[in-house]
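Colleague: mind looking at a prediction? Sequence and model below.
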Amino acid sequence: MVILVSCKSWLTSGEIWPRGKGNSEMKHNMTEQLKRIRKAYDLIVEQYHEGIDPFDKIPSELRSSPDFKTFQESTGQINCGAADVREYLEPKPEMRFLDAGCSANLFNYRLDKWPSTYYGVDISPSLIKAMERFVVREDVSIGGLWVRDLSKLPFKDNFFHIASVIGVFEYCTLEYINIALFELHRVLKPQSRVVLDIPNEKHPHYHLMLKVEEELGRPHIAFSRLGFDKILQSLFHIRRIDSSQVMLKYFVETAKQISKKS
Ligand SMILES: C[S@@+](CC[C@H](N)C(=O)[O-])C[C@H]1O[C@@H](n2cnc3c(N)ncnc32)[C@H](O)[C@@H]1O
């Protein structure tokens with residue numbers, strides 16, 4: 001059963017931040033957004049322990065809409081447990097795998113059973129604590145778990161061979177994504193394969209996803225796909241994009257060596 005997180009739950013109806021605001025204000029607002037996201041995901045762990053389904057909070061008119069069930073079912077394709085993620089990443093025994101925004105993936109999809117070594121990073125202390133308890137309880141062998149946001153990864157340069165960043169960038173400004181992608185690139189080896197995603201505005205469930213996420217206290221931040229692609233392509237080669245789901249799934253590979261932060 002995939003519990004803890006119907007993590008693929010989504011929200012918002014547009015830009016949170018007015019255009020034309022200065023950089024410092026954007027940064028301040030991103031700080032608030034990170035707090036909001038952390039709190040929303042911490043709450044899911046609390047609700048899990050209390051036997052509450054987070055989706056119960058969603059107004060019934062939304063839940064009873066004809067698309068809701070299909071949307072909910074389709075979320076199985078847009079997480080790290082989806083077959084195409086493993087297929088593309090091709091985990092091997094000598095590989096270190098970074099699951100950035102890891103949520104309860106370890107528990108839900110047993111990513112420790114991949115031949116690679118699992119490392120999880122998440123902004124939610126409660127989720128990481130829950131995964132740590134799971135690791136101890138089940139005697140699971142992994143590389144480690146960290147409470148961090150993606151702008152500061154606690155790893156040395158060129159440490160990982162493969163990575164995923166699934167269901168994270170929708171909560172972020174392009175400015176933040178720029179920093180996070182640079183960090184991701186820094187900790188990855190050259191020619192590392194990565195799967196990441198952003199919302200697919202053209203998908204029929206897009207607006208439903210935004211509403212659901214809003215109800216769950218996890219507002220998305222709208223940004224231009226062109227802007228995202230530009231940042232992404234400065235650091236990664238895009239090998240393929242799957243646009244069939246409510247999230248656009250990018251299959252990429254680290255591009256040229258750039259000067260890395262020390
Ligand atoms: C929708 S869930 C994604 C779950 C998972 N990656 C998957 O494959 O289904 C988003 C997760 O990313 C985490 N997250 C959101 N923003 C983050 C950030 N800026 N840095 C680190 N983790 C973040 C949340 O706490 C949550 O656990």
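Modeller: Okay, I see it.
Colleague: secondary structure element for residue 98?
Modeller: According to DSSP states H and E, residue 98 maps onto strand 96-100.
Colleague: does the ligand sit close to the following helix or strand past that strand?
Modeller: Scanning forward in sequence from strand 96-100 by DSSP H and E, the next helix or strand is helix 105-109. Yes. For helix 105-109, a contact with the ligand is found by Cβ under 6 Å from any ligand atom, at residue 105. For the C-beta atoms, the positions are set from N, CA and C on the backbone; glycine is no exception.
Colleague: give me the average confidence score over helix 105-109.
Modeller: Averaging pLDDT along helix 105-109 gives 96.
Colleague: partner strands of the following helix or strand past it and their direction?
Modeller: Sequence-wise, the next helix or strand downstream of helix 105-109 (DSSP H and E) is strand 117-122. Strand 117-122 pairs in its sheet with strand 96-100 (parallel), strand 144-147 (parallel), by DSSP bridges.
Colleague: so is strand 117-122 next to the ligand?
Modeller: Yes. Strand 117-122 lies within reach of the ligand by Cβ under 6 Å from any ligand atom, at residue 122.
Colleague: does the residue of the chain most remote from its centre lie in a helix or a strand, and which?
Modeller: Farthest-out residue of the chain from its mean C-alpha position, per Cα atoms, centre = their mean: residue 61, at 27.7 Å. Per DSSP H and E: residue 61 is located in helix 60-63.
Colleague: now swap in residue 51 and tell me
Modeller: Applying DSSP H and E, one finds residue 51 in no helix or strand.
Colleague: all helices for the stretch 1-150 of the chain, in order.
Modeller: Per DSSP state H, counting those that start in this stretch, the stretch 1-150 of the chain carries helices over the ranges 23-49, 60-63, 66-74, 83-89, 105-109, 125-138.
Colleague: how far is the last one from where the chain is centred?
Modeller: By that I understand helix 125-138. Put simply, helix 125-138 sits 18 Å off its chain's centre (Cα atoms, centre = their mean, to the nearest Å).
Colleague: pLDDT score for the nearest residue to residue 203 once chain neighbours are set aside?
Modeller: The shortest distance from residue 203 to any non-neighbouring residue, by Cβ to Cβ, 6 or more residues apart in numbering, is to residue 246 (4.5 Å). Per-residue pLDDT puts residue 246 at 95.
Colleague: mind checking how far residue 246 is from residue 77?
Modeller: Per Cβ to Cβ, to the nearest Å, residue 246 is found 9 Å from residue 77.
Colleague: also residue 163?
Modeller: For residue 163 relative to residue 77 (Cβ to Cβ), the value is 19 Å.
Colleague: compare the two (neighbour count), which wins?
Modeller: residue 163 (24 against 18; other Cβ atoms under 10 Å).
Colleague: sec struct for that one, please.
Modeller: Classification of residue 163 using DSSP: H, G, I helix; E, B strand; the rest coil returns strand.
Colleague: and the closest residue to it other than its chain neighbours, what does it touch?
Modeller: Once flanking residues are discounted, residue 163 sits nearest to residue 98: 4.0 Å by Cβ to Cβ, 6+ apart. Residues near residue 98 by Cβ atoms under 8 Å, 6 or more residues apart in numbering: 119, 121, 153, 155, 159-160, 162-164, 184, 187-188.
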